[in-house]
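Peer 1: here's a sequence, model it:
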Amino acid sequence: MGSPFEALRSLARRRGDDATLAADAARALGVLADDPAGLVVACRRVLAHHRSNGSLWWLCAHLLSTADAPVAARKCARELDADQTASRLRDALGLQDEGERLGVVGWPAPVAAALDERFDLDVVAVVDPDDRSAMRRAEDRATVADAWEFPDLGVRTLLVVPHAASPTRMVVASDVVEVLAEAPNAVVWVVIPTGRLLPERLLDAVRDATRGDDTLAMIDYQRVGCVIDWAAVDAVADLATRLDCPIPAELLRPLEQQS
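Peer 2: Below is the predicted model:
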């Protein structure tokens with residue numbers, strides 16, 4: 001096994017909506033527990049390479065808010081590995097009427113895993129053509145379309161998986177905004193995997209860290225009819241009861257600042 005620094009460099013190079021990145025980061029960062037200053041620097045450097053990854057912010061917040069980082073790292077890794085969000089989504093999706101389709105923005109891992117066991121559902125997805133990996137995965141299971149086609153495709157339910165969220169707002173792919181505009185009658189289900197629900201001040205930090213990235217947008221829950229996360233299928237109002245993330249001062253400073 002390589003050094004934790006080699007592991008962190010490898011994590012920094014990873015791209016896309018990597019569902020395993022935060023769990024792998026937990027194992028690598030946990031090794032630095034005997035060097036608190038080094039842990040702060042490592043957390044901020046990894047976040048600088050993955051600024052919109054809500055689960056990574058959640059992980060680093062936990063590691064920087066405890067006197068026992070190795071225990072916290074193992075606990076976070078277990079929770080990330082045991083995420084039940086895909087299973088809850090799979091079971092919550094109902095039967096479709098004739099001509100009805102399920103809409104998806106992107107091809108995020110929790111949605112892909114849920115639909116692997118729901119081949120009875122007709123699915124249409126809007127996927128960034130530059131994300132060739134997501135495009136290949138989506139084409140194996142769904143009809144890939146442009147956002148402007150949604151009004152004619154029978155989409156009644158639209159699945160949105162934010163990069164990061166709070167009880168009032170979420171950071172999403174900019175494609176979500178376009179799809180919402182093109183499908184005004186679709187009911188939106190927000191799918192929030194383990195670690196992506198953050199306190200408002202941390203989501204502000206995510207917003208500030210991603211400012212200028214035109215592939216992302218911040219939206220509220222105005223159109224949302226249902227929230228599915230690792231714990232339950234609930235209403236938006238119940239999200240605040242699920243917050244389990246501290247707010248370390250080390251993550252509130254701009255990532256460009258030296259620690």
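
Peer 1: any idea which residue of this protein is furthest from its center?
Peer 2: Here the chain reaches farthest from its C-alpha mean at residue 98, the gap being 31.3 Å by Cα atoms, centre = their mean.

Peer 1: part of a helix, is that residue?
Peer 2: No: counting by DSSP: H, G, I helix; E, B strand; the rest coil, residue 98 is located in no helix; its state is coil.

Peer 1: give me the phi and psi for it.
Peer 2: Note on residue 98: its backbone torsions stand at phi -60, psi 130 [degrees, to the nearest 10].

Peer 1: those helices in the protein, which residues are they?
Peer 2: 4-13, 21-29, 36-49, 54-63, 69-81, 85-92, 109-115, 132-139, 174-182, 200-209 (DSSP state H).

Peer 1: out of those helices, flag the one nearest residue 189.
Peer 2: Among the helices of the chain, the nearest to residue 189 by Cβ to Cβ is helix 85-92 (7.9 Å). For glycine as for every other residue, the C-beta is placed from the backbone atoms N, C-alpha and C.

Peer 1: please name every helix or strand in contact with that closest one.
Peer 2: Helix 85-92 sits against helix 109-115, strand 187-192, strand 224-229, with contacts defined as 3 or more Cβ pairs under 8 Å, 6 or more residues apart in numbering; DSSP states H and E.

Peer 1: ok, back up a step: so what pLDDT did the residue farthest from the centre of the chain get?
Peer 2: On pLDDT, residue 98 comes in at 91.

Peer 1: can you check the one 5 residues further on too?
Peer 2: You'll see residue 103 listed with a pLDDT of 97.

Peer 1: what's the answer for the one 3 residues further on, then?
Peer 2: The model reports residue 106 with a pLDDT of 93.

Peer 1: with residue 19 instead?
Peer 2: Looking at residue 19, the pLDDT reads 67.

Peer 1: still on that earlier bit, just the helices of the chain: most buried one?
Peer 2: Most buried of those, by mean neighbour count (mean count of other Cβ atoms under 10 Å): helix 54-63, with a mean of 26.

Peer 1: need the contact partners of that helix.
Peer 2: For helix 54-63, the surrounding residues in contact (Cβ atoms under 8 Å, 6 or more residues apart in numbering) are 21-22, 25-26, 29-30, 39, 43-44, 46-47, 50, 69, 72-73, 75-76, 80, 162-165, 171, 193-198, 202, 205-206, 245-248, 251.

Peer 1: rerun at 6 Å
Peer 2: 22, 26, 29, 43, 50, 69, 72, 76, 163-164, 195-196, 198, 202, 245-246, 248 (Cβ atoms under 6 Å, 6 or more residues apart in numbering).

Peer 1: check stretch 28-41 too.
Peer 2: Contacts with stretch 28-41, where a contact means Cβ under 6 Å, 6+ apart, come from 4, 7-8, 42, 63, 69-70, 73, 250, 259.

Peer 1: repeat that with 8 Å
Peer 2: 4, 7-8, 11, 42-43, 46, 59-60, 63-64, 68-70, 72-74, 77, 250, 259.

Peer 1: picking that back up, lowest average pLDDT across the helices of the chain?
Peer 2: Among the helices of the chain, helix 4-13 has the lowest mean pLDDT, at a mean of 72.

Peer 1: output the contacting helices and strands for that one.
Peer 2: Contacts defined by 3+ Cβ pairs under 8 Å, 6+ apart place helix 4-13 against helix 21-29, helix 36-49.

Peer 1: brilliant, that's me finished.
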